[in-house]
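# give the three-dimensional model of this entry:
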Amino acid sequence: MSRIGKMPITVPANVEVKVADNQVTVKGPKGTLTQQFSKELGIKLEDGVLTVTRPSDDKKHRALHGLTRTLIHNMVEGVVNGYSKTLEIDGVGYRAAKQGKNVVLNLGFSHQVIIPETEDIQLDVPQPNIVVVKGIDKQKVGQYAAEIREKRPPEPYKGKGIHYQGEHIIRKEGKAGKGKK
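Numbering: from 1, shown residues only. The predicted structure is shown next:
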């Protein structure tokens with residue numbers, strides 16, 4: 001039995017969950033998320049507790065069991081607390097600024113990089129070298145943060161670029177130089 005898949009999901013009082021034909025809709029204080037899951041798995045809501053069951057111990061069912069439970073848990077967690085990723089910008093002259101619904105990045109290019117907010121994702125710039133990506137869908141927050149990081153990934157010699165807060169950047173040694181003759 002899957003250790004993750006068999007764990008029940010406790011639904012908070014301020015969250016409304018509907019399960020119809022393996023389509024789960026979670027509505028909470030921060031918004032609503034809907035996702036369709038495999039018809040082979042059983043998803044039940046009883047007394048404020050969601051459980052996911054699988055029909056057999058096939059490899060496919062075992063894999064889907066834990067995945068489905070985790071995705072539903074992330075939906076419940078997202079509508080209650082939301083998710084955020086913090087990106088740090090390192091480099092001389094590299095900075096971010098919020099202009100209306102857009103974030104303008106100066107990353108050493110000849111042009112500015114403009115990143116718009118979407119209806120699902122909110123962007124915040126508390127400091128000129130920090131960008132915070134917020135939203136209720138964990139997957140969309142992570143994807144959007146990765147797309148922003150991709151604009152100027154950290155380089156291995158000085159570590160300049162955009163990286164996640166707390167991310168360890170593996171550094172390389174510079175040129176060794178010519179030996180004396």
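# assumed residue 70 was part of a strand.
No: secondary structure of residue 70 (DSSP: H, G, I helix; E, B strand; the rest coil): helix, not part of a strand.
# Three-state assignment for the residue nearest to it when sequence neighbours are not counted, please.
Spatial nearest neighbour of residue 70, chain neighbours left out: residue 4 (6.2 Å); criterion: CB to CB, 6 or more residues apart in numbering. Heads up, the C-betas are built off the backbone N, CA and C, glycines and all. Following three-state DSSP, we place residue 4 in the coil state.
# residue 26 now?
For residue 26, the assignment made with three-state DSSP gives strand.
# re the thing from before, settle this for me: the residue nearest to residue 70 is touching residue 63, isn't it.
No: applying CB atoms under 8 Å, one finds residue 4 not in contact with residue 63, separated by 11.3 Å.
# spatially speaking, which residue is in the middle of this protein?
Among the residues of the chain, residue 142 comes closest to the average C-alpha position under CA atoms, centre = their mean, at 2.6 Å.
# how about the helices in the chain?
Here the chain has its helices, by DSSP state H, at 59-80, 138-149.
# okay if I get those helices as CSV plus mean pLDDT and distance to residue 25?
What follows is these, written out as CSV (pLDDT from 0 to 100; distance: least, CB to CB, whole Å):
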stretch, mean pLDDT, distance to residue 25
helix 59-80, 94, 9
helix 138-149, 96, 17
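# can you give me the strands in the protein?
Taking DSSP state E, the strands of the chain run over residues 9-10, 16-20, 23-28, 31-36, 42-46, 49-53, 83-90, 95-99, 102-106, 113-116, 121-127, 130-135, 161-164.
# mind listing the strands the shortest one pairs with, and their directions?
Strand 9-10 has these partner strands in its sheet, going by DSSP bridges: strand 49-53 (antiparallel).
# just the fourth one next, same as before
According to DSSP bridges, strand 31-36 has the following sheet partners: strand 23-28 (antiparallel).
# measure stretch 47-64 end to end?
Using CA to CA, to the nearest Å, the end-to-end distance of stretch 47-64 comes to 24 Å.
# and that stretch, which residues are buried?
For stretch 47-64, the neighbour count (16 or more other CB atoms under 10 Å) marks 50-52, 54, 61, 64 as buried.
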